[in-house]
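[1] Here is a sequence with its predicted model. Questions after.
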Amino acid sequence: NTPSGSYFWYRKRQEVFKLVERNLHIFQNQSSQKSASPVWVDIGCGESIDLFFIRELFEKHSLKWNFLGLEANPSLLNINFLKKQYYQIDNVDFIPCDVTQKLPFQDGEVDIIYCSEVIEHLLNPESFLQEIKRVTKPNGYLVLTTPNEPNVFQRAYWSKNRFQQMQATIQAIKEQPQQVDVDTEKVLVYDGHVSLRTISQWDKTLNQIGYRVVDYGRGAVTYGGTPFFDNEWILGIRFLLEAFLDKLPRQWTRNLSDELIGLYQLDDKSH
């Protein structure tokens, strides 16, 4: 809830929408090849801000899709059902789900999975990605966003002491999980980032599992959320830098972002 922190989330959504619009032919092809409407699955949907915006974008382009949000937090699920009722939408649904366990789909059932700012909260992201792979159709897609840390604009990138402090913070988070009730079961939730990697490291992990990058966006250069980043002069310089980087080819600036924003396709041979 600060100018620099709010810009991070604005930028993420803006880049995700641009990514989807650049690849509309993928979603149009999937829609035309199926007798029933394909499903966009949002894993760890939170308050479903992204889900509702993506739905609106698809409606704008006359794409007939259904949308399903998976969320463990019962309070957030209540908010989502209230939103669905308020907007009187019939092609959106939500189900309680501990995404760290088996996903509620058959093998190769899902066309596209969207997972935004979730994987960094999981102790074992490789197992999570393998489960996503299991439920994804051959040549299906994954839209993933997650922090790119440490990056060149963070002190942890340049300072060994700062990097060690970041690792100590991660370890402390791992040792203090919270419990959330999901369908009468206790689920451990880590209120922080316990799996942080750079974009190149995430790309390598995804490639080993069977995903190849198709397209990508550039997130904000920093998350912000501190008095330093919210200083008027620093904020002004920050926005000038963002505008300059936007003029450069995305392949030059992708790794400068504080965030991975990518569209990945599952290799048919990897199933």
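    That came in fine, so what should we check first?

[2] Low-confidence ranges, this protein, go.
    The chain contains residues with pLDDT under 70 at 34-35, 180-188, 271.

[3] which helices and strands sit right next to the lengthiest strand in it?
    With secondary structure taken from DSSP state E, the chain has its longest strand at strand 136-147. Here strand 136-147 touches helix 3-22, strand 110-116, helix 199-209, strand 259-266, going by 3 or more CB pairs under 8 Å, 6 or more residues apart in numbering; DSSP states H and E. For the C-beta atoms, the positions are set from N, CA and C on the backbone; glycine is no exception.

[4] how about a cut-off of 6 Å?
    Here strand 136-147 touches strand 110-116, strand 259-266, going by 3 or more CB pairs under 6 Å, 6 or more residues apart in numbering; DSSP states H and E.

[5] Minimum distance to residue 171: which of the ones you listed has it?
    Smallest distance to residue 171 across those (CB to CB): 22.7 Å, for strand 259-266.

[6] ranges for the helices of the stretch 101-250 of the chain?
    Assigned by DSSP state H, counting those that start in this stretch, the stretch 101-250 of the chain shows helices spanning 125-135, 155-158, 160-174, 199-209, 227-230, 232-246, 250-253.

[7] most neighbours per residue, which of these?
    Ranked by mean neighbour count, those are led by helix 125-135 with a mean of 18 (mean count of other CB atoms under 10 Å).

[8] tilt between it and helix 199-209?
    50 degrees (axes from the mean of the first three to the mean of the last three CA atoms, to 10 degrees).

[9] chain center to helix 125-135, what's the gap?
    Centre-to-centre, helix 125-135 and its host chain are 14 Å apart (CA atoms, centre = their mean, to the nearest Å).

[10] any idea of the angle that helix forms with strand 259-266?
    Using the same axes, to 10 degrees: helix 125-135 against strand 259-266 is 40 degrees.
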